[in-house]
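> sequence and computational prediction follow.
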Amino acid sequence: MAAAARFLLRTAGSSKASITNVNSGLHGKYGATLLRVSPSCNLLAKTQRRYAAHFTFQPESVQTEYGPTQKMNLFQSVTSALDNTLASDPTAVIFGEDVAFGGVFRCTVGLRDKYGKDRVFNTPLCEQGIVGFGIGVAVAGATAIAEIQFADYIYPAFDQIVNEAAKYRYRSGNLFDCGNLTIRAPWGCVGHGSLYHSQSPEAFFAHCPGIKVVIPRGPVQAKGLLLSCIADKNPCIFFEPKILYRAAVDQVPVEPYQIPLSEAEILQEGSDVTLVAWGTQVHVIKEVAAMAQEKLGVSCEVIDLQTILPWDAETICKSVVKTGRLLVSHEAPVTGGFAAEISSTVQEECFLNLEAPIARVCGYDTPFPHIFEPFYIPDKWKCFDAVKRMINY
Amino acid sequence: MTYRIGHHSTSDDSSAYRSVDEVNYWDKQDHPISRLRHYMTARSWWGEDEERAWRKQSRRLVMEAFEKAERRLKPRAELLFTDVYEEVPANLEKQREGLWRHLQQYKEHYPLDTYDK
């Protein structure tokens, strides 16, 4: 069960940081008596620190168009977006497992104290109930922000999302809708998450007309895209790359701002190969672009898709018309993954422009493994190799 | 019924959602293992010395098991593709071969030395 399987974020230094937080806080004096670090914990932490993260996060250049900025990591930028929403929208409510005391990833820290327990509250361990309740809140006209503790545990809510939320407007001939519903969930691999704390289920939802699916690559995008999801008049699923919660730090505007949905962002222009990804994987392909330039003299165009549904085919196709080559990469299994949809569309639209078969560098068609994660993930070396093969095709 | 005395994980501060008094009650006053020990001690079936020796021995056993397990290599990487189905279907076989070829070419970038060959 979701809360019972609460997760340890033990990427380099993070556990230390969180323990420091715990001990420096109000409950510090109890920390020592309660914290029983068993030998297994020590060993586990040691084993897991052995390998560096598979990507490097480069902060965004500081944007000033939305006013003053503050240093925030990804979970703080999510908190900031939620804070802005609760402050400006008196109907907005936040609910989910453990959100009242800040959530297991600390995205809602302080919000209950600031806005009251009627607006930020815990739910029972029942994802179907969380989303069902959210639909009702949204249909009644309030702004519903539901948290599913892990994207891996969104499946019990699948029926509510796919059969109720997504179809509400259509089946009532636009008489009713639950467009005020936003569902947030931590998403993606984290280095040691294993089967149930690593999944990237965006493709399941991409097959579901009526909802929007959005995934940010860092703190600046997380805040702007989340605020767009909340404001959007359609039910949205917002997947947050959990490995970036602490690892990604940007200067993020304090005031609310929106980043448009269904628009991909070209992060780097190039002429030989188009690289497309979303979430954490954007940082992998950025590094691949640099490697391709340095080692092969190949110029890559790097695109962050940002919205999975409805997606920005135009930006991708325009890019492929220019470069003639496309690589799409995601952590989810390759079969039926969203790369397949992109690949199919680009093949239809840009057939005569293609210089090489479209490459998909994705997870394998297995459950997300535990100790085999270093072999499973579509890392920079697999992507780099695919670029090389496309160039030599 | 079970009750967790410690935090859920190293990144969990359980005092945020349950009182320390509650935890202490179960830990100090109503801990079923302690109650059994008191019961046995009261009947002279168990004593301080036995308790100390038993704890020492148990700790050693656990630490030895950890140490032994840690020295073992992890299973070979191709087992990533087994047990998904009873058999290995063609798509997984192809992916297995793809990974194998990739690892041949880029082996220095993977922690192969900690895995069985």
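Everything's here; your move. Fair warning: this is a prediction, and the values are worked out from it, not measured in the lab.

> tell me how many other residues crowd residue 67.
Looking at chain A here, since you left the chain open. Neighbour count of A:Gly67, defined by other Cβ atoms under 10 Å in any protein chain shown: 11. The way it works is simple: take the backbone N, C-alpha and C, and place the C-beta from them, glycine included.

> switch to chain B, please.
B:Glu67: 11 neighbours (other Cβ under 10 Å).

> same check, this time on A:Leu227
21.

> which SSE is it in?
helix A:219-231 (DSSP states H and E).

> what are the contacting residues of that helix?
A:60, A:63, A:72-74, A:76-78, A:80-82, A:84-85, A:92, A:143, A:145, A:182, A:184, A:212, A:214, A:216, A:236, A:238, A:240, A:244, A:248-253, A:256-261, A:304, A:306-307 (Cβ atoms under 8 Å, 6 or more residues apart in numbering or on different chains).

> hmm, 7 Å instead?
A:60, A:63, A:72-74, A:77-78, A:80-81, A:84-85, A:143, A:145, A:182, A:212, A:214, A:216, A:236, A:238, A:240, A:248-250, A:252, A:256-261, A:306 (Cβ atoms under 7 Å, 6 or more residues apart in numbering or on different chains).

> mind listing which of those are in helices?
Judged by DSSP state H, the contacts of helix A:219-231 include A:74, A:77-78, A:80-81, A:84-85 as members of helices.

> closest one of these to A:Arg360?
Closest to A:Arg360 out of these is A:Leu74 (26.5 Å), distances taken as Cβ to Cβ.

> what sits against the closest one?
Counted by Cβ under 7 Å, 6+ apart, A:Leu74 has contacts A:218-219, A:222, A:240, A:244-245, A:248.

> out of those residues, who's the most crowded?
Neighbour-wise, the contacts of A:Leu74 (other Cβ under 10 Å) top out at A:Ala222, 33 neighbours.

> the closest residue to that one other than its chain neighbours: how many residues sit nearby?
Leaving out its chain neighbours, the residue that sits closest to A:Ala222 by Cβ to Cβ, 6 or more residues apart in numbering or on different chains is A:Pro216, at 4.0 Å. Neighbours of A:Pro216 under the rule other Cβ under 10 Å: 27.

> roughly how far does A:Pro216 sit from A:Asp304?
Relative to A:Asp304, A:Pro216 is positioned 9 Å away (Cβ to Cβ, to the nearest Å).

> one more: A:Tyr245?
Distance from A:Tyr245 to A:Asp304, by Cβ to Cβ: 18 Å.

> sorry, back to before: pLDDT averaged over the helix holding A:Leu227 - what is it?
Average pLDDT, helix A:219-231: 98.

> sorry, back to before: which one among the ones in helices among the contacts of helix A:219-231 gets closest to A:Val99?
A:Val78 (11.5 Å).

> local confidence estimate at the spatially closest residue to that closest one that is not a sequence neighbour?
Excluding the flanking residues, the one nearest A:Val78 by Cβ to Cβ, 6+ apart is A:Cys107, at 4.5 Å. A:Cys107 carries a pLDDT score of 97 in this model.

> phi first, then psi, for A:Cys107.
phi -70, psi -20 (degrees, to the nearest 10).

> got it, and A:Val276?
According to degrees, to the nearest 10, A:Val276 has phi -120, psi 130.

> hey, what's it bridged with?
A:Ile303, A:Val328 (DSSP bridges).

> what number of residues lie near it?
29.

> relative to B:Ile5, how far out is the spatially most central residue of chain B?
The centroid of chain B falls nearest to B:Phe66 when counting by Cα atoms, centre = their mean (9.0 Å). Distance of B:Phe66 to B:Ile5, computed by Cβ to Cβ: 21 Å.

> related to what we said a few turns ago, export the ones in helices among the contacts of helix A:219-231 to TSV and append columns for pLDDT.
TSV is the format used below for the ones in helices among the contacts of helix A:219-231 (pLDDT from 0 to 100):
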residue	pLDDT
A:Leu74	98
A:Ser77	98
A:Val78	98
A:Ser80	98
A:Ala81	98
A:Asn84	98
A:Thr85	98
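
> most neighbours among those, which one?
Busiest of the ones in helices among the contacts of helix A:219-231 [other Cβ under 10 Å] is A:Leu74, holding 30 neighbours.

> quick check: longest helix of chain B.
helix B:48-71.

> quick one: buried residues of the following helix or strand past that helix?
From helix B:48-71 onward toward the C-terminus, using DSSP H and E, the following helix or strand is helix B:90-105. Within helix B:90-105, the residues that count as buried by 16 or more other Cβ atoms under 10 Å in any protein chain shown are B:92, B:95-96, B:99, B:102-103.

> A:Cys383: which of these is nearest?
Using Cβ to Cβ, these come closest to A:Cys383 at B:His102, 11.1 Å.

> the residue nearest to A:Ala222 and A:Ala81, how far apart?
For A:Pro216, the distance to A:Ala81 - Cβ to Cβ - is 10 Å.

> show me where pLDDT drops low in chain B?
Within chain B, not a single segment meets pLDDT under 70.

> what does chain A give?
In chain A, residues with pLDDT under 70: A:1-51.

> done for today, thanks.
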